[in-house]
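Visitor: what's the 3D shape of this:
(one chain, ligands or ions: 1)
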Amino acid sequence: MKRMLSGIQPTGNLHLGNYLGALKRFVELQDEAECFYCVVDLHALTVPRDPDELREKTLEVATLYLAAGLDPKKATLFVQSHVRAHTEAGWLLQCVARMGELNRMTQFKEKSQGSDGVVVGLYTYPVLQAADIVLYQADAVPVGEDQKQHLELARDLAERFNNRYGKVLTLPEPLIGKIGARIMGLDNPVKKMSKSAGSEANYIALLDEPDVIVKKIKRAVTDSENCIAYDPESKPGISNLLVIYSLITGQTIEETVQHFEGKGYGQLKKEVAEAVVEHLTPIRERYHELRQSGEVERVLAEGAEKASAIADETLARMKEAMGLVPPF
Ligand code: AQP
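Guide: Numbering: from 1, shown residues only. As a prediction, the model looks like this:
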């Protein structure tokens, strides 16, 4: 059975892009593979955060994992900072990674925008991400398109480690959906939907109330042609709505386009909003039930124990291969 690892940062409101590009797929994969899913709270520290908000958001993401359908009997759910091996393995891989390859990371360039004020962790976090993955000897990592470059780095680091110190680490493959790997911002459909987008009109949060969802989709930027067709290059807004509808309803893009043939943009927006509201309502309701129950903390404690057992074993093998002296 293949092993998968992935994570989501507790950096803001989890949105439909995170759901369709990652979380929904996490749920599907739990029946096919041995899955480890974490809330990557250490990654969130790469940008200054209010400590209370970080605590709150970490539990929020973990609760959304459960509310969206992840089952702790099938998948191991944990918080990254609860498994100490991550930071240690991160250091070991920093001693394998090269400045040149980190300089090429486009996410760092975008998020730092050349400023001297960014923290060192933002620069080195792709290496910590590589450590997250190799510790579990993951064969595959389900992510959205934006993480592809980081995944390539993780694979390169694992390969370099193995070439230098002997075969210890599994080389991970990115698992990127053919469609939905890049849900675009509603207010700006040429850029990806993002938690850190300036405006809330950019995204549909998984916990948005139905009236908010309807309003945001109604205001989504489209074009002036009034012709429904799937063409991400020339019709990014309409194509984005079609992708959302198709992933939520389980129809192909072709079936979706056919369904909307001859209809206007108003009808498209209405039906997309209805489908999204119908899909997200049970998740939002379950989320609120779970947050009151204390169940999440229990699941995370159990998950950290299971994850640590595997991560500690790989870490010991890495240390031994590198020439560190036991006890590990
Ligand atoms: N727009 C998107 N479409 C499809 N997948 C997406 N993902 C993120 N945005 C989209 C996928 O969601 C997973 C978790 O992402 P993350 O929280 O670790 O960080 P991110 O990729 O940086 O997400 P955001 O929303 O853009 O957060 P901020 O604004 O904080 O940087 C990943 O698998 C990601 O690919």
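Visitor: measure Thr63 to Gln149 for me?
Guide: Distance, Thr63 to Gln149, by C-beta to C-beta, to the nearest Å: 30 Å. Yep, even glycine has a C-beta here, placed from its N, CA and C like the rest.
Visitor: neighbour count: those two, which is higher?
Guide: Thr63 (24 against 16; other C-beta atoms under 10 Å).
Visitor: does the ligand sit close to the helix or strand harbouring the more buried one?
Guide: Assigned by DSSP states H and E, Thr63 belongs to helix 51-67. No. If you take C-beta under 6 Å from any ligand atom as the test, helix 51-67 misses the ligand, and the best it gets is 8.2 Å.
Visitor: gap between Gln258 and the ligand?
Guide: 24 Å (C-beta to the nearest ligand atom, to the nearest Å).
Visitor: so how many other residues sit close to that residue?
Guide: By the criterion of other C-beta under 10 Å, Gln258 has 10 neighbours.
Visitor: downstream of whichever strand or helix holds Leu122, the next helix or strand is which one?
Guide: Element membership for Leu122, per DSSP H and E: helix 120-134. Going down the chain from helix 120-134, the next helix or strand is strand 140-142, by DSSP H and E.
Visitor: pull the residues that contact that following strand.
Guide: 2-6, 22, 25-26, 29, 33, 133, 147, 151, 154, 172-176 (C-beta atoms under 8 Å, 6 or more residues apart in numbering).
Visitor: what helices and strands are in contact with the next helix-or-strand element following that strand?
Guide: Counting by DSSP H and E, the next helix or strand C-terminal to strand 140-142 is helix 148-165. Packing partners of helix 148-165 (3 or more C-beta pairs under 8 Å, 6 or more residues apart in numbering; DSSP states H and E): helix 99-103, helix 106-112, helix 120-134, strand 173-175, helix 295-322.
Visitor: just the ones you listed: most buried one?
Guide: Each of the helices and strands packed on helix 148-165 was assessed for mean neighbour count using mean count of other C-beta atoms under 10 Å. The highest is helix 120-134, with a mean of 22.
Visitor: give me the angle between that helix and helix 295-322.
Guide: Helix 120-134 runs at 90 degrees relative to helix 295-322, counting by axes from the mean of the first three to the mean of the last three C-alpha atoms, to 10 degrees.
Visitor: re earlier: now the helix holding Leu122: mean pLDDT?
Guide: If you average the pLDDT over helix 120-134, you get 97.
Visitor: same thing with stretch 175-184?
Guide: 88.
Visitor: give me the buried positions along that stretch.
Guide: Across stretch 175-184, burial judged by 16 or more other C-beta atoms under 10 Å covers Leu175, Ile176, Gly177, Gly180, Ala181, Arg182, Ile183, Met184.
Visitor: same question for stretch 203-211.
Guide: Quick answer for stretch 203-211 (16+ other C-beta under 10 Å): Tyr203, Ile204, Ala205, Leu206, Leu207, Asp208.
Visitor: want to throw those residues into JSON lines with distance to the ligand and secondary structure?
Guide: Formatted as JSON lines, the buried residues of stretch 203-211 follow (distance: C-beta to the nearest ligand atom, whole Å; DSSP: H, G, I helix; E, B strand; the rest coil):
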{"residue": "Tyr203", "distance to the ligand": "8", "secondary structure": "coil"}
{"residue": "Ile204", "distance to the ligand": "11", "secondary structure": "coil"}
{"residue": "Ala205", "distance to the ligand": "11", "secondary structure": "strand"}
{"residue": "Leu206", "distance to the ligand": "12", "secondary structure": "coil"}
{"residue": "Leu207", "distance to the ligand": "14", "secondary structure": "coil"}
{"residue": "Asp208", "distance to the ligand": "15", "secondary structure": "coil"}
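Visitor: between the residues you listed, which sits nearest Pro236?
Guide: Of all the buried residues of stretch 203-211, Pro236 sits closest to Tyr203, with 15.5 Å by C-beta to C-beta.
Visitor: now that closest one. Nearest residue, chain neighbours left out?
Guide: Nearest non-adjacent residue to Tyr203, counting by C-beta to C-beta, 6 or more residues apart in numbering: His15, 3.8 Å away.
Visitor: what about Ser6, which SS state?
Guide: strand (DSSP: H, G, I helix; E, B strand; the rest coil).
Visitor: what's the answer for the one 5 residues further on, then?
Guide: Here Thr11 takes the coil state, with states given by three-state DSSP.
Visitor: wait, isn't it in contact with Ser194?
Guide: No. The criterion here is C-beta atoms under 8 Å, and Thr11 misses it with Ser194 at 9.7 Å.
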